[in-house]
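**Student:** sequence and computational prediction follow.
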Amino acid sequence: MIADLKPYPAMKDSGVPWLGKVPEHWEVRRLRNTAEMRVSNVDKHINDGEVPVRLCNYVDVYKNSRIRHEMPFMRASASLEEIARFRLEYGDVLITKDSEAWNDIGVPALVEVPADDLICGYHLALLRPLIKILLGDYLFRALQSTSLAYQFHVEANGVTRYGLSHAAIKSVWVPLPSIPEQAAIVRFLDHVDRRIRRYIRAKQKLIKLLEEQKQAIIHRAVARGLDPSVRLKPSGVEWLGDVPGHWEVHPAKYFYREVDDRSETGTEELLSVSHITGVTPRSQKNITMFMAISYVGHKVCKPGDLVINTMWAWMAALGVARQTGIVSPSYGVYRPLRPTTLLGAYADLLLRTKPYVSEYVCRSTGIRSSRLRLYPEQFLRIRIVCPPANEQRTMLERLSAETADTEKAIAGAQREISLLREYRTRLIADVVTGKVDVRESAARLPEEAREPQPPEDIEAAEHAEEFMDAREPGDDNVEAEA
């Protein structure tokens, strides 16, 4: 189907330099001439005298391409005037208006759930297409294209925080075919998108299974050692069970002390914690949202330090630093007391196994998962199982060899997902700017049932690193980094 796509028979100059030529029968209009824009000022508070509402916030849009019933919206309140103005209707398109990174500006989401109590929240712009001129589904796809996204990016103003003016949003150029052709484009792109998402979903499931296989290999080694015939002894801790008789078991305070060194300049390498990749430079991760205005006062960590994201320890968001840098003040930093007894690489694997993660949950305090915190006094009481140093080294070498093929398969699946996403981005751009004609292909497509919210867009489950960094702009100056 995609291989059969051809260019339009006749093209014309669009009059817009970055767009070039468009199909002869298309128009190109400013967004102000195709949609009404409303910028919300409704915050996340509940005020006396106002009406209870559900609030669609920045993160709801940033993390979900479509706004649907099943999403857990925040509860807030608004005046009757605000409800009337910012109530979401089917076909509305929401875009991110402010962010801490220029390339997080203009991210769109299509509203598929009209509701009397669901309204647009702060830091978003609501775009309502004009009837008989523009379909919301088409506008959503158009705003997903790199061509339109770049217009937002170049207009974003700011240094440490970026935003779009009302005029900048309204001035964006939109390629505009007829309504029937817009519908055909949407039909085609939705069909292709579903196929790509299904393939990505299958690859994500494979990655999850491979990760579980890798963790099972690691857990078996760090909990029982490499010799299955070794004599065991009770560890004295119910959740640890039996351990090899020659291993030591001590509270974490025997191996670590908390340190709270603070940066005076904030110029050190900014590090972030992930439950997947450990403590690494933030610039090497897919994290661009909501960085702090200043890093003065951030905690300094050194190579070998154990760093724990106190709010996300229950998702194994911890690791051993491999370089000097600074981390969020909300992190816990623990310096080894006996680095030759408990090797950092061994501790990095051990402390991210399921039994230890379950213990973090038990020792964390808070009213719900997103507010649980593992405080230092609780972490330092957790008992750590410690084999002899030479056995730890042998174990690390063996595990590296045994998990090499699994890690290679995971990397291959992740690369395939990345290539598919790049292909989808390019295809959307080519279709909505008229580089290829999809009308005949769209007419031949079968009817397809509506799918649940794409798992690829529900980042909390599959991409916790990005989700954990997703804070509302201006909430506070403390990052919730992954």
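**Tutor:** Great, that's in hand.
**Student:** going by C-alpha atoms from here, please, whenever you check contacts or count neighbours.
**Tutor:** OK.
**Student:** isn't residue 94 right next to residue 105, touching?
**Tutor:** No - Residue 94 is beyond contact range of residue 105, at 11.5 Å (criterion: CA atoms under 8 Å).
**Student:** for the two, indicate the residue with more neighbours.
**Tutor:** residue 94 (33 against 25; other CA atoms under 10 Å).
**Student:** contact partners for the more buried one?
**Tutor:** 61, 108, 109, 110, 111, 124, 125, 126, 127 (CA atoms under 8 Å, 6 or more residues apart in numbering).
**Student:** mind putting these into JSON lines with secondary structure, distance to residue 262 and pLDDT?
**Tutor:** Listed next are the contacts of residue 94 as JSON lines, based on DSSP: H, G, I helix; E, B strand; the rest coil; distance: CA to CA, whole Å; pLDDT from 0 to 100:
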{"residue": "61", "secondary structure": "helix", "distance to residue 262": "35", "pLDDT": "93"}
{"residue": "108", "secondary structure": "strand", "distance to residue 262": "38", "pLDDT": "96"}
{"residue": "109", "secondary structure": "strand", "distance to residue 262": "40", "pLDDT": "96"}
{"residue": "110", "secondary structure": "strand", "distance to residue 262": "43", "pLDDT": "97"}
{"residue": "111", "secondary structure": "strand", "distance to residue 262": "44", "pLDDT": "96"}
{"residue": "124", "secondary structure": "strand", "distance to residue 262": "35", "pLDDT": "93"}
{"residue": "125", "secondary structure": "strand", "distance to residue 262": "38", "pLDDT": "94"}
{"residue": "126", "secondary structure": "strand", "distance to residue 262": "41", "pLDDT": "96"}
{"residue": "127", "secondary structure": "strand", "distance to residue 262": "44", "pLDDT": "97"}
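**Student:** ok, those residues vs residue 419, which is closest?
**Tutor:** residue 108 (21.5 Å; CA to CA).
**Student:** and that closest one, what are its bridge partners?
**Tutor:** Beta-bridge pairing for residue 108 (DSSP bridges): residue 95.
**Student:** relative to residue 14, how far out is it?
**Tutor:** 24 Å (CA to CA, to the nearest Å).
**Student:** then residue 174?
**Tutor:** Separation of residue 174 from residue 14 (CA to CA): 11 Å.
**Student:** so which of the two has more stuff around it?
**Tutor:** It is residue 174, of residue 174 and residue 14, that has more neighbours when counted by other CA under 10 Å, with 23 against 18.
**Student:** that one contacts residue 148, doesn't it?
**Tutor:** Yes - Residue 174 lies in contact with residue 148 (CA under 8 Å); the separation is 7.3 Å.
**Student:** what do these two both touch?
**Tutor:** residue 142.
**Student:** give me the neighbour count for residue 109.
**Tutor:** Residues near residue 109, counting by other CA under 10 Å, number 27.
**Student:** ok, now which ones touch it?
**Tutor:** Per CA under 8 Å, 6+ apart, neighbours of residue 109: 61, 62, 64, 65, 66, 67, 93, 94, 95, 140.
**Student:** skipping adjacent residues, who's closest to residue 136 in space?
**Tutor:** residue 91 (4.4 Å; CA to CA, 6 or more residues apart in numbering).
**Student:** next, the one you found: secondary structure please.
**Tutor:** coil (DSSP: H, G, I helix; E, B strand; the rest coil).
**Student:** point out where this protein drops to low pLDDT.
**Tutor:** 1-3, 159-160, 275-276, 283-293, 367-370, 449-482 (pLDDT under 70).
**Student:** break it down into its structural domains.
**Tutor:** For the chain, the structural domains run 27-176, 226-386, going by automatic domain parsing.
**Student:** for these, which one sits closest to residue 438?
**Tutor:** Taking CA to CA, domain 27-176 is the member of the domains of the chain nearest to residue 438, at 13.6 Å.
**Student:** okay, the domains of the chain in TSV with distance to residue 440 next?
**Tutor:** Output for the domains of the chain, formatted as TSV (distance: least, CA to CA, whole Å):
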stretch	distance to residue 440
domain 27-176	17
domain 226-386	38
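**Student:** nearest to residue 436, out of the ones you listed?
**Tutor:** Among the domains of the chain, if distance is taken as CA to CA, the winner is domain 27-176, at 13.3 Å.
**Student:** so how far is the closest one off the chain centroid?
**Tutor:** Domain 27-176 has its average C-alpha position 19 Å from the chain's average C-alpha position, going by CA atoms, centre = their mean, to the nearest Å.
**Student:** quote the end-to-end distance of it.
**Tutor:** Domain 27-176: ends 5 Å apart by CA to CA.
**Student:** with stretch 47-63 instead?
**Tutor:** 27 Å.
**Student:** which parts of it are buried?
**Tutor:** For stretch 47-63, the neighbour count (16 or more other CA atoms under 10 Å) marks 52, 53, 54, 55, 56, 57, 58, 59, 60, 61, 62, 63 as buried.
**Student:** which residues of the protein fall in helices?
**Tutor:** 58-63, 80-86, 136-144, 146-155, 166-170, 179-224, 344-350, 354-363, 376-379, 389-402, 404-432, 439-443, 459-462, 464-468 (DSSP state H).
**Student:** how about these in CSV, adding distance to residue 309?
**Tutor:** What follows is the helices of the chain, written out as CSV (distance: least, CA to CA, whole Å):
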stretch, distance to residue 309
helix 58-63, 20
helix 80-86, 36
helix 136-144, 33
helix 146-155, 31
helix 166-170, 37
helix 179-224, 20
helix 344-350, 14
helix 354-363, 11
helix 376-379, 11
helix 389-402, 24
helix 404-432, 25
helix 439-443, 48
helix 459-462, 16
helix 464-468, 10
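**Student:** do you know which of those lies nearest residue 249?
**Tutor:** Nearest to residue 249, of the helices of the chain and by CA to CA, is helix 179-224 at 11.4 Å.
**Student:** just want the angle from the closest one to helix 404-432.
**Tutor:** 170 degrees (axes from the mean of the first three to the mean of the last three CA atoms, to 10 degrees).
**Student:** what packs against helix 179-224?
**Tutor:** Other elements packing on helix 179-224 under the criterion 3 or more CA pairs under 8 Å, 6 or more residues apart in numbering; DSSP states H and E are helix 136-144, strand 242-244, helix 344-350, helix 389-402, helix 404-432, helix 439-443.
**Student:** packed most tightly, which of the ones you listed would that be?
**Tutor:** helix 136-144 (a mean of 24; mean count of other CA atoms under 10 Å).
**Student:** contacting residues around it?
**Tutor:** The contact list for helix 136-144 (CA under 8 Å, 6+ apart) reads 91-93, 106-110, 128-129, 148-149, 174-175, 182-183, 185-186, 425, 428-429, 432.
**Student:** send the alpha carbons of that helix over as CSV?
**Tutor:** Extracted C-alpha coordinates of helix 136-144, given in CSV (Å, rounded to 0.1, in the frame of the first residue of the first chain):
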residue,chain,number,x,y,z
GLY,A,136,-9.7,18.4,14.1
ASP,A,137,-8.2,15.0,13.1
TYR,A,138,-6.4,16.5,10.2
LEU,A,139,-5.1,19.5,12.3
PHE,A,140,-3.8,17.0,14.8
ARG,A,141,-1.9,15.1,12.1
ALA,A,142,-0.6,18.3,10.6
LEU,A,143,0.7,19.5,13.9
GLN,A,144,2.5,16.2,14.3
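**Student:** the inter-axis angle of it versus helix 179-224?
**Tutor:** Going by the same axes, to 10 degrees, helix 136-144 makes 60 degrees with helix 179-224.
**Student:** contact partners for residue 133?
**Tutor:** Per CA under 8 Å, 6+ apart, neighbours of residue 133: 34, 178, 179.
**Student:** most neighbours among the residues you listed, which one is it?
**Tutor:** residue 34 leads the contacts of residue 133 on contacts (other CA under 10 Å) with 22 neighbours.
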